[in-house]
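Participant: Predicted model and sequence follow; I will ask about them next.
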Amino acid sequence: MVSAKLEAKLNELLNGEMEAHHIYLQCAAWASEQKFEGAKAFLLVHAAEERTHMMKFFTFLDDLGAPISFKALPKPVVDAKTIRELFLRVQEEERKVSSHIFEAIDMARAEHSYEADQFLQWFAAEQHEEEKLCRTILDKIDLIGEGPNSNYFVDLEFGKLAKAG
């Protein structure tokens with residue numbers, strides 16, 4: 001059983017995952033416009049993953065018998081000029097999601113909602129992996145550098161990540 005306050009926070013997280021899905025799709029559209037086919041494929045995989053996360057929240061709330069409330073999505077803004085700027089935007093989004101997950105864990109623990117705490121632990125581990133992946137991607141972009149063929153090599157790396165993920 002969870003409180004109305006925790007139900008609201010879980011609905012906020014559900015909507016946050018839906019918004020992250022939307023942002024990843026917009027990032028994929030940016031990558032497509034810039035002819036980064038590997039990055040587009042990678043971002044589409046991650047957009048689908050965010051939707052799966054949203055559905056986990058949907059199912060958990062539904063299993064609790066809690067009301068599920070969707071909000072309108074804001075238009076995602078992706079104003080990157082480079083692939084590095086794009087992934088700084090992705091990293092910013094992942095950090096935002098992490099902070100909201102940690103707030104929900106604190107709330108679940110304060111309310112002794114062990115089922116919510118246990119459910120949210122999966123997301124805490126997932127966010128650790130997502131933030132690590134963002135750091136790795138940004139490190140690779142920096143390692144490749146900004147030479148005349150750098151976009152090609154960066155995009156090759158994204159293609160590999162898309163196939164692995």
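Facilitator: Yep, it's here.
Participant: okay, CA-based contacts and neighbour counts for the rest of this
Facilitator: Noted.
Participant: where's residue 68, which helix or strand?
Facilitator: Using DSSP states H and E, residue 68 is not contained in any helix or strand.
Participant: Which pLDDT value goes with residue 165?
Facilitator: Per-residue confidence (pLDDT) for residue 165: 68.
Participant: Over to residue 98?
Facilitator: pLDDT recorded at residue 98 is 97.
Participant: need the contact list for residue 29.
Facilitator: Going by Cα atoms under 8 Å, 6 or more residues apart in numbering, residue 29 touches residue 40.
Participant: give me the number of residues near residue 37?
Facilitator: If you count neighbours by other Cα atoms under 10 Å, residue 37 ends up with 18.
Participant: now do the one 10 residues further on
Facilitator: Applying other Cα under 10 Å, we find 24 other residues in the vicinity of residue 47.
Participant: sec struct for residue 89, please.
Facilitator: With DSSP: H, G, I helix; E, B strand; the rest coil as the basis, residue 89 sits in helix.
Participant: Pull the contacting residues for it.
Facilitator: By Cα under 8 Å, 6+ apart, residue 89 lies in contact with 78, 80.
Participant: Equivalent analysis for residue 102, please.
Facilitator: So residue 102 contacts residue 124 (Cα under 8 Å, 6+ apart).
Participant: mind checking which helix or strand it is in?
Facilitator: Per DSSP H and E: helix 83-110 holds residue 102.
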